[in-house]
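In: give me a model of this one.
(2 chains)
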Amino acid sequence: MGEPAEKNAPVVVQGEIDAATAPTLTADLARAVSAGAGPVEVDLSAVTFIDSSGLRALIVARRDAEAAGQTLRIVEASDVVTRLLDVTGLTETLMG
Amino acid sequence: MGAGTSIRSILTRITVVYLLIIATGGLLTLWALGANADAEQAVRNAQVAAVQEALLRSSYSDQETGQRGFVISAEEQFLEPYRRGIDATTRLTADLRVSIGDSPELLERLSAVTDAGERWRTEHAEPEIAATRENPGSGASVVALSGGKARFDELRARLDELASGIADESVSAIDSSTVVTNRFRLIVAGTVISAILATVLAVVWVRRYVLNPLSQLVEAVGAVRAEELDFPLPLTGPEELVAVSTTVAAMRARLVRMIDQATRSRAALEQSAIVVLQLGAALQSELGDSPDGWTVAGGLRPAEGVLAGDCYDVFALSDSVVGLVVLDIVGHGAEVALTALKAKEMIVGSLRSGAEPGEAMRILYENFGEDRTEFLTAIALVVDTTSGRGTYANAGHPPALVFEHGGAQHELAPTGPLVGPVDAEWRTEAVTLEEGGKLVVFTDGVLEARSSDNEFFGVDRLAELVLSMPCIEAERVVQQCLDTVDDFTSRNNADDVSIVVVCRDCPPN
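Out: Here you go, the predicted model:
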């Protein structure tokens, strides 16, 4: 799953994000936000599956980042992530 | 012994009794064996003393015979038995003194014999031997003068007394041995009888104070197991069994409480189940009679048997206008289902009040709640069944599929984002369902249904399946789709699966 990176380095996520793995992603992104090292960038180019649980994890992380005065955005996305963001209308919200 | 006595105490007491019996019997046996050995030794000593006394008597006779022979014949060779007799007498007297050393009376008699023999030898035998050597051939007169016979008779009398004493001692030793043997038999018999009595007593004790209470406890525990929860538990017997009985009583009390709690929980659950069943039914509404020339059907398979987060409804807005709502909220369970139901009713209410589908989504967004991390996707559609024309809004929901009679298909793409996190507007788009056309609305559970080979069901498989069923009623399409998805996942759906199908009858040939 994701691993908090060095300063300004993106959080790289790979594999499947579903109900089983979403809590881990939520925790990893929360650590990245609480590190307070600047904008949190998330690389989802290696994600092979994402469902509504994964989408919710990203929405929660973005809300927490805004509450902490930071920004969180997806900088790279695989086809499955892109398609889900397009369908749900969250592309601008999470990648803008 | 009785109530309150522990099994350990009972066993200790029984062990002590056995040890006392064994120790007493053993000590008495050792004493008897020692006494028997002493008695047998006394018998043997008496027998040896009798033999030694006979030999002593013989040694004195040899002395007298040799002395008389020398006096009569004056030949030195006749003194040889006399001298051997003296040596033998000395040795035998010493041996005999040892053999009868335990009897002062016999020692006294032996001393009398020795004294008598000494007097005969010093007062008569030696003087006569000396006189004979001085006057050879005067033996008869010497013998007559000496009076030695009288002295020797006295010696014989003392020997007789000693022999009589030794015989008495032998008889006494034999009697003592017999008494000791009888005592030994009594000791053995007494020990065996005591052991038997102790065993009987131990059996009675164990039966009365251990086995009987244990049987009562086993019966009581069996009764508890058979749910006879008012069966009296025994509180008598050894401490250990009373402790077990007390513990069982506590367990039974706890069991009663748990049963009572379970009964109350079951009653509560039954009440909750009614609510859940009613809620589940509300999520997949009864679609009622379809308008002429149309069939409408829907189906929902909750993920892994839980209450779904999917929800759909089809309803009449007028005689010819039908509304359709399908939505999907993240998660499952009663709380999510209630939220879905509330959201559905909000959309339905908006459409019934004349709002367009896009406006209905906005109204839903404005009333969805403060938590902007929760969201749902939805499709709302309104269609005039006389013309087949209608409008729809798609809030981040998987695009519905529209199949024309000829096989062409297109999607009802999103007209706005999902409802919840984003403050947005939702467009209302037009849609037309021609004769022979089908509208298939579904949730992402259909697309994400996964086979054992980790393959997704996907939209293409769904489209192919619907196209393979032209000009049939919506109910059959829904059922076939749900069954196919179930087969594909081996009935192990990770997400809710919902499908609503609207079919417009095919045109006449």
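In: contacts, neighbours, all on C-alpha from now
Out: OK.
In: near B:Asp260, how many other residues are there?
Out: 12 (other Cα atoms under 10 Å in any protein chain shown).
In: meant to ask about B:Thr181
Out: Neighbour number of B:Thr181 under other Cα under 10 Å is 17.
In: likewise B:Gly237?
Out: 26.
In: that one is in what secondary structure piece?
Out: Using DSSP states H and E, B:Gly237 falls within no helix or strand.
In: what's the distance between it and B:Ala250?
Out: 18 Å (Cα to Cα, to the nearest Å).
In: same thing with A:Asp51?
Out: A:Asp51 sits 51 Å away from B:Ala250, taking Cα to Cα as the criterion.
In: one more: A:Val47?
Out: Taken as Cα to Cα, the span from A:Val47 to B:Ala250 is 57 Å.
In: more neighbours: the two, which one.
Out: Ranked by neighbour count (other Cα under 10 Å), A:Val47 and B:Ala250 place A:Val47 first, with 19 against 12.
In: wasn't B:Leu235 part of a strand?
Out: No: B:Leu235: not assigned to a strand; according to DSSP: H, G, I helix; E, B strand; the rest coil it is coil.
In: tell me the phi and psi of B:Ala430?
Out: Dihedral angles of B:Ala430 (phi, psi; degrees, to the nearest 10) stand at phi -90, psi 150.
In: what residues does chain A have near chain B?
Out: Selection of chain A residues close to chain B by Cα under 8 Å from any Cα of the partner chain yields A:52-53, A:56, A:59-60, A:63, A:87-90, A:93.
In: could you rerun that using 7 Å?
Out: Proximity of chain A to chain B, by Cα under 7 Å from any Cα of the partner chain, involves residues A:52-53, A:56, A:59-60, A:87-90.
In: what's the closest of those to A:Thr21?
Out: If you rank those by distance to A:Thr21 using Cα to Cα, A:Ser53 comes first, at 8.7 Å.
In: please identify the helix or strand for that closest one.
Out: Per DSSP H and E, A:Ser53 falls inside helix A:52-67.
In: send over that helix as CSV, restricted to the C-alpha atoms.
Out: Extracted C-alpha coordinates of helix A:52-67, given in CSV (Å, rounded to 0.1, in the frame of the first residue of the first chain):
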residue,chain,number,x,y,z
SER,A,52,-15.9,3.4,-3.6
SER,A,53,-14.0,2.5,-0.4
GLY,A,54,-10.8,3.7,-2.0
LEU,A,55,-12.5,6.8,-3.3
ARG,A,56,-13.8,7.6,0.1
ALA,A,57,-10.2,7.2,1.6
LEU,A,58,-9.0,9.8,-0.9
ILE,A,59,-11.9,12.2,-0.1
VAL,A,60,-11.2,11.8,3.7
ALA,A,61,-7.5,12.5,3.2
ARG,A,62,-8.2,15.6,1.1
ARG,A,63,-10.6,16.9,3.7
ASP,A,64,-8.1,16.3,6.5
ALA,A,65,-5.4,18.0,4.5
GLU,A,66,-7.6,21.1,4.0
ALA,A,67,-8.4,21.1,7.7
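In: now it, how far from the chain's geometric center?
Out: Taking Cα atoms, centre = their mean, to the nearest Å, one finds helix A:52-67 lying 7 Å from the centre of the chain it belongs to.
In: by contact count, what packs against it?
Out: Packing partners of helix A:52-67 (3 or more Cα pairs under 7 Å, 6 or more residues apart in numbering or on different chains; DSSP states H and E): helix A:22-35.
In: what comes up buried for the helix it packs on?
Out: Neighbour-count burial for helix A:22-35 flags A:22, A:24-30, A:32-33 (criterion: 16 or more other Cα atoms under 10 Å in any protein chain shown).
In: tell me the helix or strand right after that helix.
Out: Assignment by DSSP H and E places the next element after helix A:22-35 at strand A:40-50.
In: ok, A:Gly96 - how many residues close by?
Out: A:Gly96 has 10 neighbouring residues, counting by other Cα under 10 Å.
In: what distance do you get for it to A:Ser78?
Out: Using Cα to Cα, one gets 16 Å for the distance from A:Gly96 to A:Ser78.
In: quick check: the gap between A:Ile74 and B:Ala424.
Out: For A:Ile74, the distance to B:Ala424 - Cα to Cα - is 20 Å.
In: look at these two and report which has more neighbours.
Out: A direct count of neighbours by other Cα under 10 Å for A:Ile74 and B:Ala424 places A:Ile74 higher, at 21 against 15.
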